[in-house]
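Asker: Build me a structure from this.
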Amino acid sequence: MLSSGKFDLVYKFFEKMEKAGLTPNDSTYKALVCTFGKEGKTDEALRAVEEMECRGVVARASVYFELACCLCSVGRWKDALLQVEKLCKCPSSKPLAVTFTGLIQSSAAAGHIHDCVSIFQYMREFCAPNIGTINSMIKVYGQNNMFDESRLLFEGIKKGRMGLQNPGSSDSRLSPDVFTYNLMLEACTVAHEWDYLENVYKQMVLRGYSIDQSQHAWLIVAASRAGKWHLLDHAFEQSLEMGEIPYISLYKEKICQSLQAGEYAKVITYIHDMAQGSLNITPNEWMQLFKENENRIRKESWQELLHELNSLNADDSGTNPILRNLITSLHHSSGLDMPPDSRKCISTLGIVEGDKELVSHSSNIQLTGEGGKMTSNIQNGTCMEADQNQNNGVEKDTRNPLMADIINDNMHCFPDSNLPSSYEILREWRQNIKEKVIVEC
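Answerer: Predicted structure coming up:
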């Protein structure tokens, strides 16, 4: 009942127990306290525990823990400490560090950031934080424009100085885990501390950890657009070495880099690699990519890419849905009619003559402008996918919405250097990455 959110049934069940003369046990009171907490009824939760104590029910530590978290969620962290004192007297209670970590997380979830800091400082007077506590505080600091605090905490844990605040106490030696590094990378991205991000990333690699692309691909892309493109190369190559398919947002970024350098053959290579990995970019997603990079990639680059794609034979384009979608999107974006060869290879894959299934209500994005700058003009309607049933296996970009501004603020051009091909990257990183990371650290 509680897990399904049917709180009224919890109350009715409790009433039926009392009417039947049954004495609720500690598990019943725990469910009741949890229900009151989820509904924000803090005073009712307190009264329920008081009633439990008056009836002489011996409660487990979890009852007081739930009540303490409930109090923290409404900003009453000092009242929660009274419940922690009761919790410590209960048998089979969890370590005190685990309890305080739970209180910090409850306060953070409710937006009481200063309470998190106060609980952390109070905690260190009585017990040493564990790695879960440190990670929770790095997350709190990182997400709330407190980068200096998160950096000090990160450096402190690396040096083993995160024990009790009491000078006479012995420090507990802690070391960062993979979550510590990922959270610190997030904090660096929020604060635009790209040099420190690079340092943290290298330390993580040396410890044998790898980034979770499903959750943190967005920060690698953001760092790449801020000039740390070699981190993108490493994350990309590391996925291939581990037998995994790089996240699709990494492919998109490498395509944009190749376009900036005028290396259209690389773009086609990446598209073929994505198709072999069962990835896809729909026409609507291509259109969005054009729009997001309109101030970053010259309109001539897209037009030259279109020329290269039109030179492919029908077999190359017709068997690759990503190429097919890109060719169609580029023609609509440039406002040009499709040449017979391109129209032929696309029509063989189910797109009707005139591309009526691609565009709804005269939707059009035109690549026009002056001085090499591309402007966007979207008229009534939205670009639709040619066949929505072809979306199976599409990997969506789950970029954190909080970071949209960060990525857009760093979409500047890269140096006009010759970037290596994907195959050259594999060979080069296998030989040089470990030595390079050690030297630069």
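Asker: count of residues packed around Glu304?
Answerer: 14 (other CB atoms under 10 Å). For the C-beta atoms, the positions are set from N, CA and C on the backbone; glycine is no exception.
Asker: One more: Gly243?
Answerer: 6.
Asker: Can you pull the phi/psi pair for it?
Answerer: For Gly243, the backbone dihedrals are phi 80, psi 20 (criterion: degrees, to the nearest 10).
Asker: residue contacts, it?
Answerer: With contacts defined as CB atoms under 8 Å, 6 or more residues apart in numbering, Gly243 has no neighbours.
Asker: likewise Leu103?
Answerer: Each residue near Leu103 by CB under 8 Å, 6+ apart is listed here: 68-69, 72, 77, 80, 84, 119.
Asker: Read off the pLDDT value for it.
Answerer: On pLDDT, Leu103 comes in at 96.
Asker: Quick check: phi and psi at it.
Answerer: When read as degrees, to the nearest 10, the backbone of Leu103 gives phi -70, psi -40.
Asker: From Asp115, how far out is it?
Answerer: Distance, Leu103 to Asp115, by CB to CB, to the nearest Å: 9 Å.
Asker: Which neighbours do the two have in common?
Answerer: Counting by CB under 8 Å, 6+ apart, the contacts common to Leu103 and Asp115 are 72, 77.
Asker: what about the stretch 151-300 of the chain, any weak spots by pLDDT?
Answerer: Flagging of the stretch 151-300 of the chain using pLDDT under 70 yields the residue ranges 161-172.
Asker: Which parts of it are helices?
Answerer: 178-191, 194-206, 213-225, 229-241, 248-260, 264-276, 283-292, 299-310 (DSSP state H, counting those that start in this stretch).
Asker: Name the residues of the shortest one that are buried.
Answerer: For helix 283-292, the buried set under the neighbour-count rule, 16 or more other CB atoms under 10 Å, comprises 283-290, 292.
Asker: same thing with the first one?
Answerer: Under the neighbour-count criterion of 16+ other CB under 10 Å, helix 178-191 has 179-191 buried.
Asker: I'd say Lys228 and Glu198 touch.
Answerer: Yes. A contact is recorded between Lys228 and Glu198 when judged using CB atoms under 8 Å, the distance being 5.5 Å.
Asker: How about the contacts made by the closest residue to Ala110 other than its chain neighbours?
Answerer: In this structure, Ala110 finds its nearest non-sequential neighbour in Ser73, 4.4 Å apart by CB to CB, 6 or more residues apart in numbering. With contact taken as CB under 8 Å, 6+ apart, Ser73 is in contact with 37, 40, 42, 106-107, 109-110, 112.
Asker: and what of Phe147?
Answerer: When contacts are counted by CB under 8 Å, 6+ apart, Phe147 is found next to 141, 187-188, 190-191, 193.
Asker: how does it look with 6 Å?
Answerer: By CB atoms under 6 Å, 6 or more residues apart in numbering, the contact set of Phe147 is 187, 191.
Asker: Could you do Asp26 as well?
Answerer: With CB under 6 Å, 6+ apart as the criterion, the residues that contact Asp26 are 57, 59-60, 63.
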